[in-house]
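[1] coordinates for the following, if possible.
(one chain, ligands or ions: 2)
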Amino acid sequence: MTKITPEDALIAVDIQNDFLPGGTLGVHAGHRIVPIINSLLPRFRTLVFTRDWHPPDHSSFSEDPAYRDGSWPPHCVRDTPGAAFHDDLEVPQDAFIVSKAAERDCEEYSSFRASNHDLANWLREQGVTRVFVAGLATDYCVRATALDARAARFQVVVIEDAVAGVSDDTVEKAWADMLAAGVERVHSDDLQ
Ligand code: VGL
Ligand code: ZN
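    Ligands and ions are numbered 1, 2, ... in the order given. Now for the predicted structure:
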């Protein structure tokens, strides 16, 4: 059992329409994480919601996408329905929203690298020492966010049933990288 305390934050990564089934870059079974995350939200004092927030000509967009790093179908174009949070996600009024990869030539998978926010600093100001990471996609933005959170010296817990990924092989590698960096892996049933 892992007990959630006031020094914990939940970072809900990119739970946006384009990353859910039916979206341009829909992640298989991505919708299954939404009710799990909703049930966790009231248990955290500090909540962060991140979103991929691309310009229409973002450098990662391809007409013939390979569905891997650097070659994606157009997705999460700022201020479009595809970039909106999933309708069922219960985003509170006072949640901290981080928009990332908002410039054409800059990919920002990590929520800690958004050019217009200093997430690590903001979390420290809230008294946060440990972050729980959930959302999409395990092999890209969740992985990068968890690794950067470790690099910024937070304790990091990834909730295995509250994440979903693009491809099995990159998901497997992402877990190996995260565990090697000291990330803890838990199931939401083991949170108290
Ligand atoms: C992501 C692919 C492209 C993510 C963002 O949120 O994991 N994946 N852009
Ligand atoms: Zn993107």
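[2] what about the longest helix along the chain and ligand 1, any contact?
    When the chain is parsed with DSSP state H, its longest helix is helix 168-180. No - legend: contact between helix 168-180 and ligand 1 by Cβ under 6 Å from any ligand atom is lacking; minimum distance shown is 10.0 Å. In short, each C-beta sits where N, CA and C put it, glycine included.
[3] what packs against that helix?
    Using 3 or more Cβ pairs under 8 Å, 6 or more residues apart in numbering; DSSP states H and E as the contact definition, the elements that helix 168-180 packs against are helix 143-151, strand 184-186.
[4] pLDDT of it, averaged?
    Helix 168-180 shows a mean pLDDT of 98.
[5] could you give the angle of it to helix 143-151?
    Put simply, helix 168-180 runs at 10 degrees to helix 143-151, going by axes from the mean of the first three to the mean of the last three Cα atoms, to 10 degrees.
[6] now do the buried residues in helix 168-180.
    For helix 168-180, the neighbour count (16 or more other Cβ atoms under 10 Å) marks Thr170, Val171, Ala174, Trp175, Met178 as buried.
[7] how about those in JSON lines, adding distance to Gln155?
    What follows is those, written out as JSON lines (distance: Cβ to Cβ, whole Å):
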{"residue": "Thr170", "distance to Gln155": "25"}
{"residue": "Val171", "distance to Gln155": "22"}
{"residue": "Ala174", "distance to Gln155": "19"}
{"residue": "Trp175", "distance to Gln155": "17"}
{"residue": "Met178", "distance to Gln155": "13"}
